[in-house]
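# Got a sequence here, can you build the structure:
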Amino acid sequence: MNLEQLRGKLFYQGALLGGVALLTTAALALADKATSADIADAQARDMQQSLTQVLPGKFDNDLLKDTLVLNGPNGEVTVYRARREGRVEAVVFKVSGNGYAGPIDCMMGIDRNGHVTGVRVIKHKETPGLGDKIEPAKGHWIYEFEGKSLGDPPAEKWAVKKDGGVFDQFAGATITPRGVVKAVKGGLEFFDKQRAQLLDEAAPLREAFGRAHEGDKP
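Predicted structure coming up:
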């Protein structure tokens, strides 16, 4: 085989390889486009289910579209707001705590009076048979938060019983419930601090403040 023939063969192989790569990329792009809508729908259904579990009752708005992003202690927090006749009656957002095997992510709902409507763990890596009792399917522990607020129990009692608080711990797994209790308490503190914005009351307050000062103008 002479040099010219070798060059031609190499060029052909390179072009063939490039064509295969181009076709593969195009096929992957088409597959991604075809499945992206289904993935988005599945994610929306999962989120809707999580919201429903921590927020009992009926509301007249689309929680997935009525959102607010605020700065929290650990970064941005996406808040889902539930309304009746335009008034925000409750909010839902994600909180995280440190468990034995890593972060524990929870969704929690809070009504406009600052009471917990529900908490559900959506992601964790805790030990099966011990730490996984935070899941409703494994026990009723997670329901202990319902109806609680920053004043009930008092702030110093927001802890597991081993630490002087009111919440049960698990035999052989204290770190897991301790992390969830701390996360839920932090969520209530976030709500208390951001209450006006979360409940859409910040704008009326600003308007009232502006009207009060208009009377001072000459």
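
# any idea how far residue 197 is from residue 181?
Relative to residue 197, residue 181 is positioned 26 Å away (criterion: Cβ to Cβ, to the nearest Å). For every residue, glycine as well, the C-beta is placed using N, CA and C.

# hang on, I meant residue 138
Relative to residue 197, residue 138 is positioned 36 Å away (Cβ to Cβ).

# re earlier: please identify which of residue 181 and residue 197 sits among more neighbours.
Under the neighbour definition other Cβ atoms under 10 Å, residue 181 and residue 197 were set side by side, and residue 181 has more, 23 against 13.

# tally of neighbours for the closest residue in space to that one that isn't next to it in sequence?
Counting by Cβ to Cβ, 6 or more residues apart in numbering, the nearest residue to residue 181 once its immediate chain neighbours are dropped is residue 167, at 5.1 Å. The criterion is other Cβ under 10 Å. On that basis, residue 167 has 22 neighbouring residues.

# Renumber starting at 350 from here on
Taking 350 as the first residue, the last one we looked at is residue 516.

# For beta bridges, what are the partners of residue 516?
Residue 516 has these beta-bridge partners by DSSP bridges: residue 509.

# Report all helices and strands that the helix or strand residue 469 falls within contacts.
Residue 469 is part of strand 465-472, with elements assigned from DSSP states H and E. With contacts defined as 3 or more Cβ pairs under 8 Å, 6 or more residues apart in numbering; DSSP states H and E, the packing partners of strand 465-472 are helix 352-403, strand 452-460, helix 524-542.
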